[in-house]
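K.L.:
Following is a predicted model, sequence given first.
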Amino acid sequence: MKYPYSLPSLTYPYDSLEPYIDKMTMEIHHTKHHQAYINNLNSALEKYPEFHSIELEEILKNLNNLPEEIRTPVRNNGGGHLNHNLFWQIMTPENEIEEPQGELRKSIEKYFSSFENFKNIFSETALKHFGSGWAWLVIDKSRNLKIYSLPNQDNPLMYNDLPIMGLDVWEHAYYLKYQNRRQEYIQNWWNVINWKKIEEIYLEVINK
Ligand code: MN
């Protein structure tokens with residue numbers, strides 16, 4: 001993805017993740033929140049053509065190369081764009097596969113002993129994250145699978161790790177339906193995960 005950035009369309013309708021994620025949340029999240037990150041990212045980079053031909057991932061890996069006056073807006077809004085772009089892709093209404101398979105499954109079992117345990121650690125990490133942010137499954141520099149949370153719209157690329165899956169725990173992701181019940185939102189989210197897509201991402205990342 002390069003400048004000028006634009007809103008990716010979803011491959012499923014806004015109401016199709018019901019009852020786990022409601023239509024209004026999806027619509028506002030996509031057309032207002034995600035769009036705002038894109039608008040702000042474009043306006044931050046507008047006067048800096050030297051960054052227009054660079055992939056967003058590369059820009060975010062090297063934030064220190066940015067002029068200081070746009071470093072924070074690009075971090076927040078570039079992260080916001082990249083994170084949401086991933087988030088929409090790793091959800092699906094079809095959900096014909098309820099658990100990861102293949103290589104990803106093997107790796108999850110290697111690092112977290114079982115899928116159930118992985119699920120618990122990921123959910124706990126998302127639940128305990130204080131304030132706005134995301135829970136992440138990543139591959140780190142030593143090729144280990146790891147779970148952690150990051151604040152705001154930070155992406156694991158900013159910490160030299162490679163993102164595999166991320167869960168948005170900003171209140172805008174769940175408040176209309178769940179209010180303060182983040183735990184219920186997290187539990188329900190497991191019903192709409194696109195394991196096929198996450199497996200694809202995993203294979204792409206480990207074969208890099
Ligand atoms: Mn969000």
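P.N.:
The structure has been received and is ready for your questions.
K.L.:
Ramachandran angles for the residue in the chain sticking out farthest from the centre?
P.N.:
Residue farthest from the centre of the chain, counting by C-alpha atoms, centre = their mean, is residue 47 at 27.6 Å. In terms of degrees, to the nearest 10, the main-chain angles of residue 47 are phi -90, psi 10.
K.L.:
same deal with residue 165?
P.N.:
According to degrees, to the nearest 10, residue 165 has phi -150, psi 150.
K.L.:
is it in a bridge, and if so with what?
P.N.:
residue 137 (DSSP bridges).
K.L.:
Check it and give its pLDDT.
P.N.:
At residue 165, the pLDDT value in this model is 98.
K.L.:
OK, contacts around it?
P.N.:
Residues near residue 165 by C-beta atoms under 8 Å, 6 or more residues apart in numbering: 86, 90, 136-137, 193, 198, 201. C-beta here means a position set from N, CA and C on the backbone, and glycine is covered the same way.
K.L.:
likewise residue 129?
P.N.:
Contacts of residue 129 (C-beta under 8 Å, 6+ apart): 135, 149, 151, 169.
K.L.:
from those, which would you call buried?
P.N.:
135, 149, 169 (16 or more other C-beta atoms under 10 Å).
K.L.:
In a markdown table: the residues you listed, plus distance to the ion, secondary structure and pLDDT.
P.N.:
Converted to a markdown table, the buried ones among the contacts of residue 129 look like this (distance: C-beta to the ion, whole Å; DSSP: H, G, I helix; E, B strand; the rest coil; pLDDT from 0 to 100):
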| residue | distance to the ion | secondary structure | pLDDT |
| --- | --- | --- | --- |
| 135 | 13 | strand | 98 |
| 149 | 14 | strand | 98 |
| 169 | 9 | coil | 98 |
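K.L.:
burial of residue 74, as a residue count?
P.N.:
22 (other C-beta atoms under 10 Å).
K.L.:
separation between it and residue 84?
P.N.:
15 Å (C-beta to C-beta, to the nearest Å).
K.L.:
From residue 151, how far off is the residue in the chain positioned nearest to the ion?
P.N.:
Using C-beta to the ion, the single residue of the chain nearest to the ion is residue 168, 4.2 Å away. To residue 151, residue 168 is 13 Å away according to C-beta to C-beta.
K.L.:
Tell me where this protein has helices.
P.N.:
23-28, 35-45, 56-61, 68-89, 102-112, 115-128, 175-178, 182-189, 195-206 (DSSP state H).
K.L.:
Redo those as TSV? Include mean pLDDT and distance to residue 95.
P.N.:
Listed next are the helices of the chain as TSV, based on pLDDT from 0 to 100; distance: least, C-beta to C-beta, whole Å:
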stretch	mean pLDDT	distance to residue 95
helix 23-28	98	15
helix 35-45	98	26
helix 56-61	98	28
helix 68-89	98	14
helix 102-112	96	16
helix 115-128	98	15
helix 175-178	97	18
helix 182-189	98	11
helix 195-206	95	8
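K.L.:
give me the number of residues near the residue lying closest to residue 144 once chain neighbours are set aside?
P.N.:
Of all residues beyond its chain neighbours, the one nearest residue 144 is residue 111 (6.7 Å), with distances taken as C-beta to C-beta, 6 or more residues apart in numbering. For residue 111, the neighbour count with other C-beta under 10 Å is 15.
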